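Asker: sequence unknown, structure follows:
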């Protein structure tokens, strides 16, 4: 039976799981989280979300620079947990710690393993246009997200799913899945499933700001998925008139007539003729069509209708609000 738990986690994604452990009555001996980092213009140190949650519960918190430092093994040996729960901790756990608890180290991973091993599985699922994602619990080993799988739960992605909205969904799913996992591990009914050596998807690498710059030679669907996957961070962007223009929402113009019909400031036939007549001459990233309520951009394959943008130094705004302040012209180049 599992009673004593050590929890390791850092971001918002892990907070719900820590809360579930406390709510279910487990004895959380200690919480390990990444060191505080400076935030804001004043660069003042701010606690990680998991640390802040642990302090609300009055739990002791440790923040190792390197969990591999031998002193942390000694600390954990003194704590003597039944199990260590790891959720987006942000550091590789050494073998000596993995082998320490009676029931091992159990990880909550935000993908349907073996797909999307790595640091950013949530965002990459959206970027790659997946129709479903989910959460897997596993018994950790020395590899990167390669341990034996325990339980899984699938989540369907909405048509307009963003990295942020899927993050929230999977965080809640992961918390409940971990509780179920601890019960079956503790009572001996657990069934472990080995993972294949190779993952069917590329490694879900950590996101970087430069990933957000739009390559307009890609197809409209790829760009639209990238915009959603990088919302809220690091966000997709392009360059317009020498300044950064963030893109927060867009739609692939699969039915030009239907999209044009939603914007009634010109006749449907006039709009269609205007757009189609110029598309043949335009390069990727050029404005293919603009009206008071619509802005279409030429891509490597198809048109992308921008729906929500953010000019440099301004707030997010709908495309009609943007066009009222920025007189965009057909043929202008973005990027």
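Answerer: Good, I have the coordinates. What you are looking at is a predicted structure, and each value in this text was computed from that prediction instead of being measured.

Asker: Now do the SS call for the most centrally placed residue in the chain.
Answerer: Of all residues in the chain, the one closest to the mean position by CA atoms, centre = their mean is residue 123, 3.4 Å from it. Secondary structure, DSSP: H, G, I helix; E, B strand; the rest coil: residue 123 is helix.

Asker: How many residues are close by the residue nearest to it when sequence neighbours are not counted?
Answerer: Nearest non-adjacent residue to residue 123, counting by CB to CB, 6 or more residues apart in numbering: residue 163, 4.2 Å away. Backbone N, C-alpha and C define where each C-beta goes, glycine included. Residue 163 has 23 neighbouring residues, counting by other CB atoms under 10 Å.

Asker: How about the one 3 residues further on?
Answerer: When counting by other CB under 10 Å, one arrives at 23 neighbours for residue 166.

Asker: do the same with residue 89
Answerer: 23.

Asker: And the pLDDT for it?
Answerer: For residue 89, the model assigns a pLDDT of 97.

Asker: Now that it has come up, it's in contact with residue 9, right?
Answerer: Yes - assessed by CB atoms under 8 Å, residue 89 is found in contact with residue 9 at 5.6 Å.

Asker: Need the overlap of contacts for these two.
Answerer: Common neighbours of residue 89 and residue 9 (criterion: CB atoms under 8 Å, 6 or more residues apart in numbering): 32, 33.

Asker: if I pick the residue nearest to residue 68 when sequence neighbours are not counted, what's in contact with it?
Answerer: Counting by CB to CB, 6+ apart, the nearest residue to residue 68 once its immediate chain neighbours are dropped is residue 94, at 4.9 Å. Counting by CB under 8 Å, 6+ apart, residue 94 makes contact with 67, 68, 73.

Asker: and if you look at residue 300?
Answerer: 216, 217, 218, 219, 284.

Asker: Show only the entries of the residues you listed found in helices.
Answerer: Using DSSP state H, no member of the contacts of residue 300 sits in helices.

Asker: among those, which ones are buried?
Answerer: 216, 218, 284 (16 or more other CB atoms under 10 Å).

Asker: I'd say the first one and residue 301 touch.
Answerer: The one in question is residue 216. No - at 10.7 Å, residue 216 does not count as touching residue 301 under the criterion of CB under 8 Å.

Asker: Can you tell me how far the closest residue in space to residue 67 that isn't next to it in sequence is from residue 81?
Answerer: In this structure, residue 67 finds its nearest non-sequential neighbour in residue 91, 4.8 Å apart by CB to CB, 6+ apart. Distance from residue 91 to residue 81, counting by CB to CB, to the nearest Å: 17 Å.

Asker: and what of residue 288?
Answerer: 60 Å.

Asker: any low-confidence regions in the chain?
Answerer: 255-282 (pLDDT under 70).

Asker: which helix in it runs the most residues?
Answerer: The chain, longest helix under DSSP H: helix 163-187.

Asker: Buried residues of that one, list them for me.
Answerer: 163-167, 169-171, 173-175, 177-178, 181-182, 185-186.

Asker: for stretch 102-111, same thing?
Answerer: 103, 104, 105, 106, 107, 108, 109, 110, 111.

Asker: Can you get me the start-to-end distance on it?
Answerer: 26 Å (CA to CA, to the nearest Å).

Asker: picking up where we left off before, looking at residue 91 and residue 81, which has the bigger crowd around it?
Answerer: Neighbours were counted for residue 91 and for residue 81 using other CB under 10 Å; residue 81 has more, 23 against 15.

Asker: just the buried members of the contacts of residue 94?
Answerer: residue 67.

Asker: so residue 124 makes contact with residue 204?
Answerer: Yes - with contact defined as CB under 8 Å, residue 124 reaches residue 204; the gap is 4.3 Å.

Asker: Mind listing the shared neighbours of the two?
Answerer: 116, 118.

Asker: mind putting the buried ones among the contacts of residue 300 in a markdown table, distance to residue 158 included?
Answerer: Below are the buried ones among the contacts of residue 300 laid out as a markdown table (distance: CB to CB, whole Å):
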| residue | distance to residue 158 |
| --- | --- |
| 216 | 26 |
| 218 | 22 |
| 284 | 28 |
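
Asker: any idea which of those is the one closest to residue 54?
Answerer: Nearest to residue 54 among these is residue 218, at 42.4 Å by CB to CB.

Asker: Next up, the contacts around the nearest residue to residue 111 once chain neighbours are set aside.
Answerer: Sequence neighbours aside, residue 121 is the residue nearest to residue 111 in space, at 3.7 Å (criterion: CB to CB, 6+ apart). Counting by CB under 8 Å, 6+ apart, residue 121 makes contact with 109, 110, 111, 115, 133, 204.
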